[in-house]
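A.B. asks: mind looking at a prediction? Sequence and model below.
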Amino acid sequence: MARSRLDIGLLFGTRIARLFGYGFVSVVLVLYLSTVGLGTGQIGILLTLTLLGDAVISLWLTTTADRMGRRRTLMIGAALMLGAGIAFVLTQNPLLLTLAAIVGVISPSGNEIGPFLSIEQASLSQLAPDKQRTHIFAWYNLAGSFSTAAGALCAGIIAQTLQNSGWTPIDSYRAVIVGYALIGALLLVAFLCLSPAVEPPRQQTEQPAKRVLGLYKSRSIVFKLSALFALDAFGGGFVVQSIVAFWFSVRFAANIETIGAIFFAANILAGVSALLAARIAARFGLINTMVFTHIPSNILLMLVPLMPTLPIAVFVMLVRFSISQMDVPTRQSYTMAVVAPDERSAASGVTGIARSLGAAAAPALSGALLASTLTFSAPFFIAGGIKIVYDLLLYRSFKSTKPPEELVAAP
């Protein structure tokens, strides 16, 4: 138990460091790419290829993690994160940047990317009691949101301070990316310190016949969830954090420090909403919590570009973030609850890859929309509409499929 607590603490620590890095780089990524000479259309394509490359690499790593070793797989992911940061620092060539984005691990959204989340979720589900699953996932997401917020704030302050000190914008953005690479190196060391307790029991690695992507009994429900999660992620891909940062910069002439502060507050509120989700779900159920908090948040998302001034737009966005992440720990907990215990790693990996693939196509479309003054704010409306459709389909498909803890509580 003591070793399990240490591993859980270490996994929380790697989550905190990693999400700090994602928030850190997401604020400057599109601004950096724009400064080195890429157009909005090119940037959108690069972000799409980034997410596609992540999906392919993550699919390979997560579906082989139990066989290859979870610790080893996490270390490979950290090495790819380090490599992407180094490549972005060393070159301004659009082709080389695109190649580094495809092969490496770099987050344009401030959210999870790479194989880490799926493997860490499976490990946490194994290390902690089942009754604490949703609460642990809620705290896990809270830690990540706070870290993303801190990373976004620090990136904005550092870049603005360097520019005020005489650094060029491109050099100030490059300094932030150097920090991202260093975080990748830190993760590499941290994953090396995990104990064998995070690895799956031997019997869970013995695959029965007819497994597909590591799934057998739960294949149908995982594929259905994956399709819905991909739709949700496709909508979210239109408004990844890097694109929203660019939108605020152009629409309201917000400077990088202001943008960093906006995303600091937004991610703090998102983290608190994730923590509250566990209590709400205990009373109203996981699916109800996912759907009936997500719909209002998406309506608020569509209202952001309709606001006439920066303070009002920021206020609406912050209200949106205060409820926007309640579906995250509930979604993760629901997925772990409705699949067989020996399929959790695969289920988390497949649904995670589905989200990556769903999100991958959207930035290229969003970049094209940003290139025209007529459609500059369209990504907000498209994202909100698609995500509301996802909510309605999810409720219709899974309102009768209860996780075990809700079946026990039912009269």
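C.D. replies: Happy to help now that I have it.
A.B. asks: which residue sits closest to residue 94, ignoring its sequence neighbours?
C.D. replies: residue 38 (5.8 Å; CB to CB, 6 or more residues apart in numbering). Glycine gets a C-beta too; all of them are placed from N, C-alpha and C.
A.B. asks: that neighbour in helix, strand or coil?
C.D. replies: Classification of residue 38 by DSSP: H, G, I helix; E, B strand; the rest coil places it in coil.
A.B. asks: what's the answer for residue 353, then?
C.D. replies: Once three-state DSSP is applied, residue 353 turns out helix.
A.B. asks: so the closest residue to it other than its chain neighbours is in which element?
C.D. replies: Closest residue in space to residue 353, ignoring its immediate chain neighbours: residue 59 at 4.6 Å, by CB to CB, 6+ apart. Here residue 59, judged by DSSP states H and E, is contained in helix 40-68.
A.B. asks: was I right about residue 64 contacting residue 70?
C.D. replies: No: here residue 64 lies out of contact with residue 70, judged by CB atoms under 8 Å, at a distance of 10.5 Å.
A.B. asks: quick revisit: and the residue nearest to residue 353, how many neighbours?
C.D. replies: By other CB atoms under 10 Å, the residues close to residue 59 number 20.
A.B. asks: per-residue confidence at it?
C.D. replies: On pLDDT, residue 59 comes in at 78.
A.B. asks: what mean pLDDT does the helix or strand just after the helix holding residue 59 get?
C.D. replies: Counting by DSSP H and E, the element after helix 40-68 in chain order, helix or strand, is helix 70-90. Taken as a whole, helix 70-90 has an average pLDDT of 91.
A.B. asks: quick one, helix 70-90 and helix 40-68 angle?
C.D. replies: If you take axes from the mean of the first three to the mean of the last three CA atoms, to 10 degrees, helix 70-90 sits at 160 degrees to helix 40-68.
A.B. asks: for whichever helix or strand comes after helix 70-90, output the C-alpha coordinates as CSV.
C.D. replies: The first helix or strand that comes after helix 70-90 along the chain, using DSSP H and E, is helix 94-103. Extracted in CSV, the C-alpha atoms of helix 94-103 (Å, rounded to 0.1, in the frame of the first residue of the first chain):
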residue,chain,number,x,y,z
PRO,A,94,8.2,25.0,-42.0
LEU,A,95,8.9,21.5,-43.4
LEU,A,96,11.1,20.5,-40.5
LEU,A,97,8.7,22.0,-38.0
THR,A,98,5.9,20.0,-39.5
LEU,A,99,7.9,16.8,-39.3
ALA,A,100,8.9,17.5,-35.7
ALA,A,101,5.2,18.2,-34.8
ILE,A,102,4.1,14.9,-36.5
VAL,A,103,6.7,12.6,-34.9
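A.B. asks: show me what the helix or strand following helix 94-103 is in contact with.
C.D. replies: The helix or strand immediately downstream of helix 94-103 is helix 116-127, counting by DSSP H and E. With CB atoms under 8 Å, 6 or more residues apart in numbering as the test, helix 116-127 has contacts from 4, 7-8, 11, 14-15, 18, 58, 62, 65, 70, 73-74, 77, 133, 136-137, 140, 197-198, 200, 332, 336, 344-345, 348-349, 352.
A.B. asks: same question, stretch 301-317
C.D. replies: The contact list for stretch 301-317, computed with CB under 8 Å, 6+ apart, reads 239, 247-248, 251-252, 254, 262, 266, 300, 320, 324, 377, 380-381, 383-385, 387.
A.B. asks: mind giving me the packing neighbours of the helix or strand where residue 174 lies?
C.D. replies: Per DSSP H and E, residue 174 falls inside helix 169-192. Counting contacts by 3 or more CB pairs under 8 Å, 6 or more residues apart in numbering; DSSP states H and E, helix 169-192 packs against helix 2-35, helix 70-90, helix 133-164.
A.B. asks: of all those, which lies closest to residue 395?
C.D. replies: Closest approach to residue 395 among the helices and strands packed on helix 169-192 (CB to CB): helix 133-164, 18.8 Å.
A.B. asks: now the closest one: buried residues?
C.D. replies: For helix 133-164, a neighbour-count test (16 or more other CB atoms under 10 Å) marks 133-156, 158-160, 162-163 as buried.
A.B. asks: OK, contacts around the residue lying closest to residue 27 once chain neighbours are set aside?
C.D. replies: Distance criterion CB to CB, 6+ apart; nearest residue to residue 27, sequence neighbours excluded, is residue 155 at 4.3 Å. Contacts for residue 155 (CB under 8 Å, 6+ apart) come out as 23-25, 27-28, 176, 256, 260.
A.B. asks: ok, now residue 63?
C.D. replies: For residue 63, the contacting residues are 213-214, 346, 349-350, by CB under 8 Å, 6+ apart.
A.B. asks: nearest to residue 188, of these?
C.D. replies: Among those, residue 349 lies closest to residue 188 (CB to CB), at 20.9 Å.
A.B. asks: need the contact list for that closest one.
C.D. replies: Residues counted as contacts of residue 349 (CB under 8 Å, 6+ apart) are 58-59, 62-63, 65, 115, 118-119, 213-214.
A.B. asks: save the contacts of residue 155 as TSV, and put in pLDDT, distance to residue 223 and neighbour count too.
C.D. replies: Converted to TSV, the contacts of residue 155 look like this (pLDDT from 0 to 100; distance: CB to CB, whole Å; neighbours: other CB atoms under 10 Å):
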residue	pLDDT	distance to residue 223	neighbour count
23	87	32	30
24	88	35	28
25	88	32	30
27	81	35	31
28	85	37	28
176	91	39	27
256	80	42	25
260	81	39	27
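A.B. asks: hang on, the earlier thing: now, which of the contacts of residue 349 sits nearest residue 373?
C.D. replies: Closest approach to residue 373 among the contacts of residue 349 (CB to CB): residue 58, at 36.2 Å.
A.B. asks: just give the closest residue to that closest one, not the sequence neighbours.
C.D. replies: Nearest one to residue 58, counting by CB to CB, 6+ apart, is residue 115 at 4.7 Å.
A.B. asks: can you check residue 175 too?
C.D. replies: Spatial nearest neighbour of residue 175, excluding adjacent residues (CB to CB, 6+ apart): residue 162 at 6.1 Å.
A.B. asks: wait, doesn't that neighbour sit right on residue 173?
C.D. replies: No: using CB under 8 Å, residue 162 is not in contact with residue 173; the gap is 9.1 Å.
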